[in-house]
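J.: I need the structure of the sequence given here:
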Amino acid sequence: MASESSFDIVSKFDMQELTNAINQTEREIDNRFDFKNSKSSLTLEKDALVIASDDEYKLGAVIDILQSKMIKRGLPIKNLDYGKVEPASLGTVRQRIKLKQGIEQDVARKINTLIRDSKLKVKSQIQGDSIRVTGKSKDDLQSVMALLRNADIQLDLQFTNFK
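T.: You can find the predicted model right below:
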């Protein structure tokens with residue numbers, strides 16, 4: 001049995017599930033009466049989602065539908081960074097939603113500080129856009145997970161590679 005146990009803290013989207021949520025949203029928009037003859041669309045880019053619609057009210061409705069589909073599929077809506085609503089062609093409006101993937105350095109430092117201040121016998125180190133936490137006791141590692149779930153962090157965190 002290994003003397004050290006570890007896990008990684010990551011923050012990422014399952015892109016296939018996000019694509020499925022977008023497709024479900026588009027289908028619902030096509031079928032809803034209040035979106036008849038509407039120019040509403042969702043476009044998935046590499047690291048962002050662009051939503052266009054007739055006006056701000058319909059744009060908000062599209063975002064509500066998308067969020068409900070994301071929640072049903074277990075996708076984190078905390079990791080969406082909403083841009084400002086801007087005018088687009090033919091009197092429509094557009095909003096760009098950035099998909100936050102990975103843990104930024106300042107958030108990673110905040111997580112490291114939280115773990116250090118907990119006085120648990122674990123070590124944490126930043127590895128690119130993830131954090132590796134190691135310790136002798138699996139109970140301590142699970143305590144760190146519980147601590148981070150209850151912490152006020154602007155990202156949805158996933159815990160992977162628990163060994």
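J.: Which pLDDT does the model give Ile9?
T.: pLDDT for Ile9: 86.
J.: Just confirm it is within a strand.
T.: Yes: counting by DSSP: H, G, I helix; E, B strand; the rest coil, Ile9 is found in a strand.
J.: OK, contacts around it?
T.: Ile9 sits next to Ile103, Ile111, Ser130, Ile131, Arg132, Val133, Leu148, Leu157, Gln158, Phe159 when contact means CB atoms under 8 Å, 6 or more residues apart in numbering. Quick note: C-beta positions are derived from backbone N, CA and C, even for glycine.
J.: Tell me where the chain has strands.
T.: Along the chain, counting by DSSP state E, strands occupy 5-10, 41-44, 48-53, 80-87, 93-99, 122-127, 130-135, 158-160.
J.: Confidence-wise, which of the ones you listed is weakest overall?
T.: Minimum mean pLDDT among those: strand 158-160, a mean of 84.
J.: any residues touching that strand, and which ones?
T.: Contacts for strand 158-160 (CB under 8 Å, 6+ apart): Phe7, Asp8, Ile9, Val10, Ser11, Lys12, Met145.
J.: Report how many residues lie close to the residue lying closest to the last one once chain neighbours are set aside.
T.: Which is Met145. Spatial nearest neighbour of Met145, excluding adjacent residues (CB to CB, 6 or more residues apart in numbering): Phe159 at 5.4 Å. The number of residues packed near Phe159 is 16, by other CB atoms under 10 Å.
J.: beta partners of Phe159?
T.: On the basis of DSSP bridges, Phe159 is bridged to Ile9.
J.: mind checking how far it is from Leu120?
T.: For Phe159, the distance to Leu120 equals 15 Å [CB to CB, to the nearest Å].
J.: Could you do Ser5 as well?
T.: Separation of Ser5 from Leu120 (CB to CB): 13 Å.
J.: hey, what's in contact with both of these two?
T.: With CB under 8 Å, 6+ apart, Ser5 and Leu120 have common neighbours Gly135.
J.: Which residue, neighbours along the chain excluded, lies closest to Asp81?
T.: Take Asp81 and drop its neighbours on the chain: the residue closest to it by CB to CB, 6+ apart is Lys98, 4.1 Å away.
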